[in-house]
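Q: Next comes the sequence, and after it the predicted model I'd like to discuss.
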Amino acid sequence: GENPADEPAVTSIRDFIDDPAEDELIRASIAYHSDFRLPAQLDERTRSFCDIVRDGDKIDIMRTIADSTVETILKVDEDAFLASHFSAPTLAAFDEHRCVTRDEPADFLVGLICFMFELVYPASRALAREQGDIHRLLDAPFGITRPFTDPATQATWSRLKDEMRDWLTRA
């Protein structure tokens with residue numbers, strides 16, 4: 001016969017909370033967790049819960065990517081990654097301490113470390129520092145220890161790393 005354990009688990013929000021009063025808050029927190037920006041019209045409480053979920057998502061993404069290879073994440077090899085450059089919009093976003101959409105492989109790395117700037121809660125920043133994934137991304141992105149091919153790109157990366165490390169001591 002069939003084993004009920006082989007059936008896919010069906011989970012309902014009612015498995016966790018009986019009161020439907022928070023359903024919209026929960027729906028919004030899930031729906032907006034990976035959006036680039038939250039909608040402006042959210043009330044303060046909903047925005048706070050969305051920020052909590054988004055902080056957790058950013059911390060988890062940094063951990064996942066710090067544990068991955070550049071081939072897995074960006075579908076390019078190490079040489080192609082090291083030959084890539086930072087775009088002006090990405091560097092501007094870093095300098096303005098905000099997240100950015102990413103095109104170049106090198107831009108992806110900067111966009112990823114910019115997650116730190118947009119962690120809303122001090123506890124989130126502390127957790128991210130404690131887990132150390134941001135440091136792994138700075139020291140050996142995707143496990144790569146060789147420098148960028150272009151000396152100017154490598155010099156820029158060194159500047160960004162120094163600025164991020166300095167920011168991390170204050171954040």
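A: Arrived safely.
Q: who touches residue 107 in this structure?
A: Shown in contact with residue 107 (CB atoms under 8 Å, 6 or more residues apart in numbering): 84, 86-87, 90, 100. From N, CA and C alone the C-beta is placed, and that goes for glycine too.
Q: Okay, and it sits in which element?
A: With secondary structure defined by DSSP states H and E, residue 107 is part of helix 105-113.
Q: next helix or strand past that helix?
A: Remark: after helix 105-113, the chain's next helix or strand is helix 122-131, criterion DSSP H and E.
Q: Please enumerate residues in contact with the helix or strand following that next one?
A: Using DSSP H and E, the helix or strand that follows helix 122-131 towards the C-terminus is helix 133-139. Applying CB under 8 Å, 6+ apart, the contact partners of helix 133-139 are 59, 62-63, 65-66, 109, 112-113, 116, 128, 145, 161, 164-165, 168.
Q: between those residues, which is nearest residue 43?
A: Closest approach between the contacts of helix 133-139 and residue 43, by CB to CB: residue 59, at 24.7 Å.
Q: Can you tell me the closest non-neighbouring residue to that closest one?
A: Closest residue to residue 59 apart from its sequence neighbours, by CB to CB, 6 or more residues apart in numbering: residue 128 at 5.0 Å.
Q: Just to check, the one you found is in contact with residue 119?
A: Yes - assessed by CB atoms under 8 Å, residue 128 is found in contact with residue 119 at 6.3 Å.
Q: Give me the common contacts of the two.
A: Residues touching both residue 128 and residue 119 (CB under 8 Å, 6+ apart): 58-59.
Q: re the thing from before, out of the contacts of helix 133-139, who has the most neighbours?
A: Comparing the contacts of helix 133-139 by number of neighbours (other CB atoms under 10 Å), residue 109 comes first, having 26 neighbours.
Q: if you skip the residues just before and after it, what's nearest to the spatially most central residue of the chain?
A: The chain has residue 58 as the residue nearest its centroid, 3.5 Å off, counting by CA atoms, centre = their mean. Nearest non-adjacent residue to residue 58, counting by CB to CB, 6+ apart: residue 115, 4.1 Å away.
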